[in-house]
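Enquirer: below are the sequence and a predicted model for it; my questions follow.
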Amino acid sequence: MKSKTFYYNCSTEYIHSIDPHLHEQVESVIRLLPKRETQSEINADLFWLFTSKDWCYDTIPKGYSNECPAIFDIRQTIHEIKDKNLRNLCRTSTTIDARWHADFGKSFDGKLVQVEAQFGKVEAMFKDFCGFRMAYAERRLALGIEIVLCDPPNYFAHRKKAISGMANFDIAKGTLNAIGLDCPIWLIGIDE
């Protein structure tokens with residue numbers, strides 16, 4: 001897949017300051033994504049691709065299979081992934097009892113980066129942004145990454161009614177500009 005990016009309170013230089021390979025690592029995950037029929041299949045692909053690069057995860061997504069799709073050529077087993085998972089890296093807040101978690105998290109020499117893949121309603125995207133803001137306010141989060149589709153009605157043309165009101169790149173970008181968060185967020189839009 002191709003992608004569009006928008007840097008909110010950050011830049012490629014800022015991302016490189018967290019880790020010189022972070023930008024390319026995330027972009028390579030997006031490039032490897034195949035076209036899928038459902039959101040749950042995309043979430044399962046992201047699970048395998050991020051965990052193969054040692055990202056920790058919150059939960060195993062719906063649509064997941066015990067076997068990694070052969071197209072990815074990932075040699076890790078689900079047991080190896082589970083054994084090294086540090087779910088706490090996905091935790092949104094350590095000071096309030098919100099019990100929210102990002103989809104993925106990874107620490108780069110103490111600099112926490114969290115990823116949210118949002119293929120649901122726009123309202124869920126607001127929760128993602130709120131989670132990034134909470135973790136940033138606690139001085140734990142260095143960067144939040146939000147992944148959405150650029151054009152859901154086009155991507156899921158075969159099921160337009162099922163994706164009504166889905167978050168997308170333009171809405172996410174406009175929302176970030178309007179709500180005035182102070183945390184750094186890298187917005188990535190998946191495009192065909």
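Expert: Structure received. Numbering: from 1, shown residues only.
Enquirer: please count neighbours and contacts with C-alpha atoms only from this point.
Expert: Fine.
Enquirer: ok, which stretches of the protein are helices?
Expert: 12-18, 22-32, 39-51, 78-83, 122-137, 152-155, 169-179 (DSSP state H).
Enquirer: so which of those comes closest to residue 114?
Expert: When the helices of the chain are compared by C-alpha to C-alpha, helix 122-137 sits nearest residue 114, at 7.8 Å.
Enquirer: now that closest one: mean pLDDT?
Expert: Averaged across helix 122-137, pLDDT comes to 95.
Enquirer: for it, the distance to its chain's centre please.
Expert: From the chain centre to the centre of helix 122-137 is a distance of 12 Å (C-alpha atoms, centre = their mean, to the nearest Å).
Enquirer: in contact with residue 93, which residues?
Expert: 99, 100, 131, 134, 135, 138 (C-alpha atoms under 8 Å, 6 or more residues apart in numbering).
Enquirer: about what we covered before: in JSON lines: the helices of the chain, plus mean neighbour count and distance to residue 70.
Expert: Output for the helices of the chain, formatted as JSON lines (neighbours: other C-alpha atoms under 10 Å; distance: least, C-alpha to C-alpha, whole Å):
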{"stretch": "helix 12-18", "mean neighbour count": "15", "distance to residue 70": "31"}
{"stretch": "helix 22-32", "mean neighbour count": "15", "distance to residue 70": "12"}
{"stretch": "helix 39-51", "mean neighbour count": "20", "distance to residue 70": "11"}
{"stretch": "helix 78-83", "mean neighbour count": "12", "distance to residue 70": "14"}
{"stretch": "helix 122-137", "mean neighbour count": "19", "distance to residue 70": "31"}
{"stretch": "helix 152-155", "mean neighbour count": "18", "distance to residue 70": "23"}
{"stretch": "helix 169-179", "mean neighbour count": "15", "distance to residue 70": "29"}
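Enquirer: could you dump those helices to CSV with distance to residue 58?
Expert: Putting the helices of the chain into CSV (distance: least, C-alpha to C-alpha, whole Å) gives the following:
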stretch, distance to residue 58
helix 12-18, 22
helix 22-32, 18
helix 39-51, 10
helix 78-83, 11
helix 122-137, 14
helix 152-155, 25
helix 169-179, 22
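Enquirer: good, wrapping up.
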